[in-house]
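1. what follows is a protein structure lacking sequence information:
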């Protein structure tokens, strides 16, 4: 892992000091977190906009905005966001990936026709 710059290290030290005042041992907490496996859902990276029908509006009664600043707009951006998140969260994790994230080169493919 690359060495953090001084401002990041200083921010970490300050945060650890504040947590210590609340009786939280930050290094110990991070060590415990390394042993916890989480499952991240793919829709957390793009606000359920999917890539199946890129450029079309959301439908089907979804209660989402799909327009928050910085959301992934392409599969490559979602993968980059996931890689960044995983690099910042200690431990090994899983991704819950659903069929509507299939990359089909812009062609309509029925979900029952999808294969690994």
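-> Okay, I see it. Predicted model only: the values in this text are computed from it and were never measured.

2. where in the protein is pLDDT low?
-> The model of the chain has pLDDT under 70 over residues 1-4, 43-44, 46-68.

3. buried ones in the strand or helix carrying residue 82, by neighbour count?
-> Residue 82 is part of helix 75-88, with elements assigned from DSSP states H and E. Residues of helix 75-88 classed as buried: 78, 81-82 (neighbour count, 16 or more other Cβ atoms under 10 Å). Bear in mind the C-beta positions are built from the backbone N, C-alpha and C, glycine included.

4. do I have it right that residue 75 meets residue 101?
-> Yes: with contact defined as Cβ atoms under 8 Å, residue 75 and residue 101 form a contacting pair (7.1 Å).

5. what values do phi and psi take at residue 95?
-> Dihedral pair for residue 95: phi -120, psi 130, per degrees, to the nearest 10.

6. so it makes contact with residue 40?
-> Yes: with contact defined as Cβ under 8 Å, residue 95 reaches residue 40; the gap is 5.6 Å.

7. what's the helix holding residue 82 in contact with?
-> Helix 75-88 is contacted from outside by 40, 42, 45-46, 51, 72, 93, 95, 101, 103, using Cβ atoms under 8 Å, 6 or more residues apart in numbering.

8. that'll do, ta.
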